[in-house]
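Colleague: Mind looking at a prediction? Sequence and model below.
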Amino acid sequence: VEWYASYSRGGFPRGYIKNTGNRNYYKEARKNHKEQSENEIYKKINFICDTYENVESILQDNNTLLYCDAPYKDTTEYAISKHFNYFRYYNWLKEISKKYPVFVSEQYLPPEFDKNIIWRKDVNRTCGKDHQFKANETLWLIDNRSQV
C-alpha cells in the first residue's frame, strides 16, 4: 500500500495520494504492476533488492546488467538511507562497472561520470500535495569492462 499509494512511489514520508473523482490511484498502480509482471520478458528478470555492496555476491552469471537507484544526493533522506556514503558508492560504481554494465538513475554524479550520460530530462517532482519542485533526472550507463 505504501508503494502504490504514495506520491512518486516515495513512501508515506512524502504523503499519500487521495483518490479523486472516479480515480483510484492505488488500484491503477497495482493493476499496472500486475499487467507488467505477467509479461514473459518480465518473468526472466531477476530482481534483487539489497545494498549495493552485497549485489555481487548474489549475481549468478556474467549475462547481467545492473540498475542502481540509490538515494539521490542532496535530497531529503529516507529513514533507511540516513548517512549514505556517496564517496564509497562512487568508487563501487567504478569497480563493478569493470565486470557489469551499470545503469544509474540520479540527479547528480561526479563530473568524471559525465561522459556516461545517456538521457537527461527536467521533471516536476511532487513530494506531497503542496510541495512541487523542478529537478533534473539523469540516466547514466557506466560500462568499463574494456578497461579491465
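Modeller: Thanks, I have it.

Colleague: And the nearest residue to residue 113 once chain neighbours are set aside, how close does it get to residue 50?
Modeller: Leaving aside its chain neighbours, residue 113 sits nearest to residue 140 (5.7 Å; criterion: CB to CB, 6 or more residues apart in numbering). (C-beta placed from N, C-alpha, C; glycine too.) Using CB to CB, to the nearest Å, residue 140 is found at 20 Å from residue 50.

Colleague: Same check on residue 32?
Modeller: Distance, residue 32 to residue 50, by CB to CB: 25 Å.

Colleague: out of residue 140 and residue 50, which sits in the more crowded spot?
Modeller: More crowded of residue 140 and residue 50, by other CB atoms under 10 Å: residue 140, with 22 against 9.

Colleague: Bridging across strands, which residues link to that one?
Modeller: For residue 140, the beta-bridge partners are residue 104, residue 117 (DSSP bridges).

Colleague: right, and it touches residue 106 too?
Modeller: Yes. Applying CB atoms under 8 Å, one finds residue 140 in contact with residue 106, separated by 7.1 Å.

Colleague: residue ranges for the strands of this protein, please.
Modeller: Assigned by DSSP state E, the chain shows strands spanning 66-68, 102-106, 117-126, 132-142.

Colleague: So which elements touch the longest helix anywhere in the chain?
Modeller: Longest helix in the chain by number of residues, with DSSP state H as the criterion: helix 25-37. Packing partners of helix 25-37 (3 or more CB pairs under 8 Å, 6 or more residues apart in numbering; DSSP states H and E): none among the helices and strands.
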